[in-house]
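Engineer: Give me coordinates for this.
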Amino acid sequence: MESSVAPVAIDNDPRNSSKPSTGGWNTVVFIIFVEMAERFAFYGLAGNLITYLTKELDEPMSTAAKHVNT
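Structural biologist: Residues are numbered from 1 along each chain as shown. Okay, the predicted model is just below:
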């Protein structure tokens, strides 16, 4: 029975490796920026939701804060 899998040559020579064209610190900066934007959006909406619940729906502040936190 013959094997139909061909051998694969792996070149582990560090002199032949090239730097990746994407990734690295550019990706890290992008991820940190996206996480900061998500936090700003979350806390901004939470504050607006508490204001809406207290002013428009006439809920007490403690009840509005409990609803937003849950």
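
Engineer: Give me the below-cutoff pLDDT ranges for this structure.
Structural biologist: With pLDDT under 70 as the threshold, the chain has low-confidence stretches at 1-3, 11-23.

Engineer: Let's see that with 80 instead.
Structural biologist: For the chain, the stretches flagged by pLDDT under 80 are 1-24.

Engineer: Neighbours of Leu53, how many?
Structural biologist: 19 (other Cβ atoms under 10 Å). For glycine as for every other residue, the C-beta is placed from the backbone atoms N, C-alpha and C.

Engineer: do Ala64 as well
Structural biologist: Residues near Ala64, counting by other Cβ under 10 Å, number 19.

Engineer: where's the residue sitting nearest the centre point of the chain, which helix or strand?
Structural biologist: Using Cα atoms, centre = their mean, the residue of the chain that lies closest to the mean C-alpha position is Glu35, 5.4 Å off. Secondary structure from DSSP states H and E places Glu35 in helix 25-55.

Engineer: In that helix, which residues are buried?
Structural biologist: By neighbour count, with 16 or more other Cβ atoms under 10 Å as the criterion, the buried positions of helix 25-55 are 50, 53.
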